[in-house]
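>>> generate coordinates for the sequence data below:
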Amino acid sequence: MRHFAHYACFDWSGQAVARPKGLALATIAAEDEARPVLLRPQGGWSRGAALDWLLDHAAAGTDMLIGLDLSPTFPFVDAGGYFPDWEHSPADARGLWALVDGLCAEDEHLAASSFVRHDEARRYFRHGKGDTGDRFGSLGTGRLRAVEHHQRRTKQANSASCFNLVGAAQVGKSSLTGMRVLHRLAGRVPIWPFDPVPERGPVIVEIYTSIAARAAGVAGGRSKVRDAEALHQALAALGAPPPAPLLAHDDHSTDALITAAWLRDAARDAELWHALWHPPMLDDAIRRTEGWTFGVK
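Residues are numbered from 1 along each chain as shown. Here you go, the predicted structure:
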């Protein structure tokens, strides 16, 4: 499996504002002595600026593996569709991205509020206490993708349902806004496993920052790092030196730094690297409709 000259991680956010606080980006070069770099434009990242950054690297052909901390799709395999019994339910991931972006065309900042307010779409989500759509599902957790069932069963991670919009662990809003960005890339950056991996240039994968934190030795249920000492220890465990001093150690920035370093570190282990790109449960149906979280074996 190919290696890359650079590795990157976007910690994502679904907050419906111009510059979400939870949006962070870190990169690291493949060379052993390279330190991770936190990239932060003046005033912080917007999703539009993140899209432009991705498109710039597509145009430049940058040899970079880019992890996005979001779910690129909703569950499909469990029920034979993303939105069973809705006539506009798409047949595959790219159709889903187009549907989400189209219904949210009037939402500023590449937000996705219109989708979860849509008369039909909202029926599939849990919106708040006492406000659960009638198609949310009978399980309290909500529907899960095949990779999420596998993560839980093998204790590799504990992903939440993308149809849940409630609580600190909810990932639905960030995933929806990410789908808008993926649609607007218009195929200019391959997205694994939906697209073949080219011999050069950028590639996007879905990542889960808690997997990187666990690999870095972040202890127990404390998957977030919020101080310099803990960050430097985690990076050292992944063979990376400390970054330049940070103004603040918010968990979004540290998640991005640790996960970028983890991607580089994983690439150094030939057996692990092959396993990450070829998970045994990833069949053609899952590849086309749901995708897979990079790092889940």
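
>>> show me the contacts for the residue of the chain positioned farthest from its centre.
Centroid-distance maximum for the chain: residue 130 at 28.5 Å, with C-alpha atoms, centre = their mean. Contact analysis of residue 130 by C-beta atoms under 8 Å, 6 or more residues apart in numbering lists nothing. For the C-beta atoms, the positions are set from N, CA and C on the backbone; glycine is no exception.

>>> tell me the SS of residue 181?
helix (DSSP: H, G, I helix; E, B strand; the rest coil).

>>> now it. Nearest residue, chain neighbours left out?
residue 51 (5.1 Å; C-beta to C-beta, 6 or more residues apart in numbering).

>>> what's in contact with stretch 73-92?
Under the criterion C-beta under 8 Å, 6+ apart, residues 93, 96, 98-99, 120-121, 124, 135, 143-146, 148, 161-163, 175, 179, 285-286, 288-291 lie in contact with stretch 73-92.

>>> got the end-to-end distance for it?
End-to-end distance of stretch 73-92 (C-alpha to C-alpha, to the nearest Å): 9 Å.

>>> now do the buried residues in it.
73-77, 81-83, 86, 89-90, 92 (16 or more other C-beta atoms under 10 Å).

>>> next: stretch 17-31.
By neighbour count on 16+ other C-beta under 10 Å, the buried set for stretch 17-31 is 19-20, 22-30.

>>> now that stretch - C-alpha only, CSV.
Only the C-alpha atoms of stretch 17-31 are listed here, as CSV (Å, rounded to 0.1, in the frame of the first residue of the first chain):
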residue,chain,number,x,y,z
VAL,A,17,-21.7,29.6,12.6
ALA,A,18,-19.1,31.2,10.3
ARG,A,19,-16.0,29.9,12.2
PRO,A,20,-16.8,26.9,14.4
LYS,A,21,-14.6,26.6,17.5
GLY,A,22,-14.3,22.9,17.0
LEU,A,23,-12.7,23.1,13.5
ALA,A,24,-9.0,22.4,13.7
LEU,A,25,-6.3,21.2,11.3
ALA,A,26,-2.8,19.7,11.9
THR,A,27,-0.3,18.4,9.4
ILE,A,28,3.0,16.4,9.7
ALA,A,29,5.6,15.5,7.1
ALA,A,30,6.7,11.9,6.6
GLU,A,31,10.3,12.6,7.7
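
>>> kindly provide the whole-number mean pLDDT of that stretch.
The average pLDDT within stretch 17-31 is 96.

>>> stretch 239-252 too?
Rounded mean pLDDT across stretch 239-252 is 90.

>>> next: stretch 75-95.
Mean predicted confidence for stretch 75-95 is 97.

>>> so where's this protein shaky on pLDDT?
Within the chain, the stretches with pLDDT under 70 are 138-139, 219-223.

>>> let's see it at 90
Low-confidence segments of the chain, defined by pLDDT under 90: 1-2, 128-130, 137-142, 155-160, 166-171, 186, 217-227, 229-230, 245-251.

>>> state which helix of it is the longest.
When the chain is parsed with DSSP state H, its longest helix is helix 251-267.

>>> that one: which residues count as buried?
251-267.

>>> before we move on, the earlier item: I'd like the distance between the residue farthest from the centre of the chain and residue 166.
Distance from residue 130 to residue 166, counting by C-beta to C-beta, to the nearest Å: 11 Å.

>>> same question, residue 153
24 Å.

>>> the two: which is more packed in?
residue 166 (16 against 8; other C-beta atoms under 10 Å).

>>> ranges for the helices of the chain?
According to DSSP H, the helices that the chain contains are 47-60, 93-103, 113-117, 146-154, 172-185, 209-215, 228-237, 251-267, 270-277, 284-289.
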